[in-house]
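Undergrad: here is a sequence with its predicted model. Questions after.
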Amino acid sequence: MSAPDRTAMIDDRILKDHNLTRDEYKLIVKLVGRAPNPTELGLFSVMWSEHCGYKSSRVHLKKLPTKGPAVIQGPGENAGILDIGDGLAVVFKIESHNHPSFIEPYQGAATGVGGILRDIFTMGARPIAVMDSLRFGPPDQPRNRAIMEGVVSGIAGYGNSFGVPTVGGETSFDAGYAQNPLVNVFCLGLVRKDKIFYARAEGAGNAVLYVGAKTGRDGIHGATMASAEFGTETEHKRPNVQVGDPFKEKLLLEACLEAMGRGLIVGIQDMGAAGLACSTSEIAAKSGLGMDIDLDLVPQREAGMTPYEIMLSESQERMLMVARPGRVAEVQAIFAEWDLDAVVVGRVVEGGRLRVRFHGEEVIDLPVEAIVNLCPALRRPVAKPRPAKPAGKGAPIPPPDNYTKAFLKLLASPTIADKEWIFGQYDHMVQTNTVFLPGADAAVVRIKGSRRALAASLDGNSLHVRLDPRTGGAAAVAEACRNLACVGARPIGITNCLNFGNPEKPEVMGQFEAVIEGMAEACKVFAVPVTGGNVSFYNDTEGASINPTPVVGVVGLIEDVAQAVRPGFKAAGDIVVLLGETKDELGGSEYLRSIHGREDGPAPGLDLALEKRVQELCLEAVGLGLLRSAHDLSEGGLAVALAESCFHGLKDLGCVVELESELRPDALLFGESASRILVSVRPSALDRLLQLARDRKARAAAIGKVYGQSIVVGRAGFKLVDVTVREAHRAWKNAIPDLFKIHA
Amino acid sequence: MKVRILVSFKDSVLDPQGQTVKNALLTLGYGFVRDVRQGKVFELDLEGVSEDEARRLVPEIASKVLANPIIETFVWDILA
Amino acid sequence: MKVRILVSFKDSVLDPQGQTVKNALLTLGYGFVRDVRQGKVFELDLEGVSEDEARRLVPEIASKVLANPIIETFVWDILA
Amino acid sequence: MKFGVVVFPGSNCDADTLHALGDILGREAVYLWHKDHDLKGVDCVVLPGGFAHGDYLRSGAIARFSPLMREVGEHAARGGLVLGICNGFQVLLEMGLLPGAMLRNKNLKFLCRFVTVRVESEKTAFTRLARKGQVLRLPIAHFDGNYYAPPDVLDEVESNGRVVLRYCDDQGRLSEESNVNGSLRSIAGLVNAAGNVMGLMPHPERAVEDLLGGTDGRLILESLIGGRVP
Ligand SMILES: Nc1ncnc2c1ncn2[C@@H]1O[C@H](COP(=O)(O)OP(=O)(O)O)[C@@H](O)[C@H]1O
Ligand SMILES: [Mg+2]
């Protein structure tokens, strides 16, 4: 071993710079059998970071159910894989890019898209849909608008150019995200089952190829940045933002899929967080082999890079491949045709060690097992979340003077208002599979050459989660699945992105634990496996944590795409039916927040068994062709669901609804009780639907009909809401564009 | 007063546009092109601003609005 | 040799990007900004090219590749 | 009638176009690689949408230098049919096969949505199945679709009936609002003087199946199937 021993130099400051504790350092010395040199320490620093090593979350993530008959690949690879029959599989995952998107909104978000796309196509799948879950500070603040503008155009800039449709997503606003926006991007890919690829090396002697963009000093320590709180101290780490090159990524996609399709490669791993360090050691570790790498062969964009920099660079649009014996030249020919570098940088070897040479000298010699698999899991202290006080118990909620006015104001609240300003910037139709354009409850993409379609939805209400983490976690799963039920899709798999504050705070870990438990319980009820996800901790700025924000991504199947149901009313005279039950639950509602300026609880309750029965009822009704429209109730409650069913329906079609209930009118109209779906049916289908509901013990009530050109909601003969669809539509449609226009 | 501000990516930051233009020029036979960097130029027409004020205001505008100092740098001068 | 080429819209062509920047600056209180034009800048590093050759080649590259003469004009100079 | 869909690095509607022409309309359709010099005997060359070379520099600016573009130019000069969709339109402008240039959309945002366009001339190989004044519902998806040409060029194009499509409202009326990207004279598509080269910003290949929201794109692609208008 010629690497110089610099044990003496490893002082507390160096460890802190590397986000390693003294104990972790001692373990490293033990595992390596000596003190690591600085380059090796840097490698451990990123691979054992929160971002790559999942040290705080691992013990909790284990509680999520990950098994199921269709699961080909659960957590542990770049993305999860599910068998969907006909020789096909879907590959999907969600990733966060929160910190970079705050520092440089356009590039941060763009490279977030780039990263998740690589996670999908590194497994051999062609990305067929992207969705994004975004959280910003209130958009009446110029700074928040600038971040939103940058993030949305960054996602558009990358996805549109790459040629993947961004088919949906979700966006909400809360003051807590002003200094810490959330940018979570989900990607779904499709692959033939016999063309799935993993990070594998197979046999000693195989050539290791570096393909794609050249390496620069990009994002060195991006992974550790994502693992530390923001504050003045991290300022100096700021230049670590990468610029994305979607054009290169598109070439990389085509070249990789061609090399894979022709059977030229053994395994492949993208270079995302921790770059070459991560990809080399992971491929080796997963194969029980080792790797010899020569850094002088790595294509470099900048002169004078050190081995530390080359190994840890997070330059985008790169992959590491292991070629089949004797096929290197063919791989290189393919990449040359696509104007990309494909360079042999090393060999697979026996022995389980990563050995890296630079200028003829050995600079790294480490056991890959230690780097990849022996990062210690932490059991951080957990403070159980305190239940929130019931709404109105503290201070009574005065009824609004005018329900129609409150309704219009709610429709214009940014979280509820139309998001076309966002998705209109995304190419959501490229690849010509998008059956439902953004705006529907779930995105639906058909599978060419088959009657089947895939549906996907992203969901999470962070206010509800803050008020009641366990129920909120379960509710996120329930809502995502409910959205699928609305279009007629059965959920088959789940991925999640868990955005939380500093895990060193026991309250944050308490929220985390409770959310996972809630999600796990809901997943079991729906019998849907979790096949992967992402954890983003340290979403704190100057000591304040964001609301705990789990984002659930669910993927489902529609057997006959012709049967898929849309959210909008279809014809006057159809009967409007509410599935599920409305309770006196105003806590945590958008109504309380935007009309009364309060965020108190408790969050709506959740009866998972009822939820399941409501969803089954909806799915059965879709299957029988009974439903003309279906739309899930979420923020803004029944009133907003009625309005959206009008907006998504045939032009200017209104509705008249009469509610029979003892509940307060605002709870009836705007409360956010879970497990409810608004559907419309032909009059002739009503009895059948109500009978089904009785059979299934899922409540259903005819509450009105599709009629006229106004939205009219009454109770006991008294009109609570009466407004033309046109006026309501204007409030909803213009709210976000106006924010940008007025201040333009 | 007219001022011109040139904004470009920092040297260490990838410049995909410049790289693509370079490759295009090489393909077209301009083999002597060693590197291309692409940036933005802004020409501002300022009313009633003295040279001294410009020296204070232009860098402020450039670093606050025209460039993101995290990945970009700028240079500027007075045109007339 | 390093050369710099500035490409900008012809005066007859509307420059909405420049207008947007101008509006942003006005909103931020920079009321003295009368006009903004936005363009592109290219810095080319040329190998083994004499000044005379540059005088022939750079305008050729600029007019053939870097600028679209229907909407754009360019100016250039030698940096070093 | 054989179609060739050119694949540039960064094209991303090439497969969609092939699917529309081949699988949906049942025509012979093949890919043409931009580095080749072989048009494979096609009757109609389609330059598809996407981001050739990332649209870096300017949309379509680098693609025009691809080796195959020489053959495409010769094909056009011989009177062969060429259809440029979106990015393909931008390439045709950069090549000079069609007059004018594209500026950024007036709102400086990428725009993806269905729009309505009015057929201005049915006397082209690309619109022969349409009626003059017919309103088509087609998707757009572009950043640079704001058509520009100097006034004299615009007048020439107009007086020779070369404007084929204009952005309009659903009644076929022109207005500033319906002119989504700010194009001069609401121009969404035009042909060359000889009538064999057309460029348009909307994506006909995205509108050939009811399942995906409409079939008005067929009108254009099926018009082409008849070959050149004499
Ligand atoms: N919230 C979660 N739920 C379930 N699995 C998770 C979660 N977060 C991460 N995982 C899994 O842990 C593994 C490591 O993830 P990750 O480090 O994000 O992969 P990558 O290297 O692509 O970033 C992945 O298989 C991922 O799916
Ligand atoms: Mg990965």
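TA: Happy to help now that I have it. Numbers count the residues shown, from 1 in each chain, chains lettered A, B, ... in the order given. Ligands and ions are numbered 1, 2, ... in the order given.

Undergrad: now check stretch A:484-499, is it near ligand 2?
TA: No - Stretch A:484-499 stays clear of ligand 2 (C-beta under 5 Å from the ion), getting no nearer than 12.9 Å. All C-beta spots, glycine's among them, are computed from the backbone N, C-alpha and C.

Undergrad: quick check, that stretch touching ligand 1?
TA: Yes - using C-beta under 6 Å from any ligand atom, stretch A:484-499 comes into contact with ligand 1 via A:496, A:498.

Undergrad: quick one: that stretch to chain centroid distance?
TA: Distance of stretch A:484-499 from the chain centroid (C-alpha atoms, centre = their mean, to the nearest Å) equals 11 Å.

Undergrad: so, in contact with chain D or not, that stretch?
TA: No - Stretch A:484-499 lies out of reach of chain D by C-beta under 8 Å from any C-beta of the partner chain, never closer than 13.8 Å.

Undergrad: and the strands in the stretch 351-500 of chain A, which stretches?
TA: For the stretch 351-500 of chain A, applying DSSP state E, counting those that start in this stretch gives strands covering A:353-358, A:361-367, A:434-436, A:443-446, A:453-459, A:490-499.

Undergrad: just name the most buried of these.
TA: strand A:453-459 (a mean of 29; mean count of other C-beta atoms under 10 Å in any protein chain shown).

Undergrad: dump that one to PDB, keeping only the CA atoms.
TA: Taking Å, rounded to 0.1, in the frame of the first residue of the first chain, the C-alpha atoms of strand A:453-459 are listed here in PDB:
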ATOM      1  CA  ALA A 453     -52.800   1.500 -19.400                       C
ATOM      2  CA  LEU A 454     -50.800   2.600 -16.500                       C
ATOM      3  CA  ALA A 455     -52.000   5.200 -14.000                       C
ATOM      4  CA  ALA A 456     -50.000   7.100 -11.500                       C
ATOM      5  CA  SER A 457     -50.500   9.700  -8.800                       C
ATOM      6  CA  LEU A 458     -48.400  11.600  -6.300                       C
ATOM      7  CA  ASP A 459     -49.900  12.700  -3.000                       C
END
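
Undergrad: mean confidence for it?
TA: Taken as a whole, strand A:453-459 has a mean pLDDT of 98.

Undergrad: with stretch B:27-42 instead?
TA: Per-residue scores along stretch B:27-42 average to 96.

Undergrad: what's the distance between that stretch and the middle of its chain?
TA: Using C-alpha atoms, centre = their mean, the offset of stretch B:27-42 from its chain centre is 15 Å.

Undergrad: now stretch B:43-50
TA: For stretch B:43-50, the distance to the chain centre is 18 Å (C-alpha atoms, centre = their mean).

Undergrad: show me what counts as buried in it.
TA: Going by neighbour count (16 or more other C-beta atoms under 10 Å in any protein chain shown), the buried part of stretch B:43-50 is B:43-46, B:49.

Undergrad: including secondary structure, could the residues you listed go into JSON lines?
TA: Shown next, in JSON lines, are the buried residues of stretch B:43-50 (DSSP: H, G, I helix; E, B strand; the rest coil):
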{"residue": "B:E43", "secondary structure": "strand"}
{"residue": "B:L44", "secondary structure": "strand"}
{"residue": "B:D45", "secondary structure": "strand"}
{"residue": "B:L46", "secondary structure": "strand"}
{"residue": "B:V49", "secondary structure": "coil"}
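
Undergrad: tally of neighbours for the residue lying closest to D:I220 once chain neighbours are set aside?
TA: The shortest distance from D:I220 to any non-neighbouring residue, by C-beta to C-beta, 6 or more residues apart in numbering or on different chains, is to D:P204 (4.3 Å). Using other C-beta atoms under 10 Å in any protein chain shown, the number of residues around D:P204 comes to 27.

Undergrad: so D:P204 makes contact with D:C86?
TA: No - between D:P204 and D:C86 there is no contact, the gap being 10.0 Å when judged by C-beta atoms under 8 Å.

Undergrad: coming back round to it: Throw the strands of the stretch 351-500 of chain A into JSON lines and include distance to C:I5, thanks.
TA: As requested, these are arranged in JSON lines below (distance: least, C-beta to C-beta, whole Å):
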{"stretch": "strand A:353-358", "distance to C:I5": "38"}
{"stretch": "strand A:361-367", "distance to C:I5": "42"}
{"stretch": "strand A:434-436", "distance to C:I5": "41"}
{"stretch": "strand A:443-446", "distance to C:I5": "44"}
{"stretch": "strand A:453-459", "distance to C:I5": "45"}
{"stretch": "strand A:490-499", "distance to C:I5": "44"}
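
Undergrad: phi, psi for the closest residue to chain C within the stretch 1-150 of chain A please.
TA: For the stretch 1-150 of chain A, the nearest residue to chain C under the criterion C-beta to the nearest C-beta is A:P142, separated by 7.7 Å. A:P142 has phi and psi values of phi -60, psi -40 when expressed as degrees, to the nearest 10.

Undergrad: now the residue of the stretch 501-650 of chain A found nearest chain C. Nearest residue, chain neighbours left out?
TA: Here the residue of the stretch 501-650 of chain A nearest chain C is A:T541; by C-beta to the nearest C-beta that distance is 23.3 Å. Spatial nearest neighbour of A:T541, chain neighbours left out: A:Q179 (3.7 Å); criterion: C-beta to C-beta, 6+ apart.
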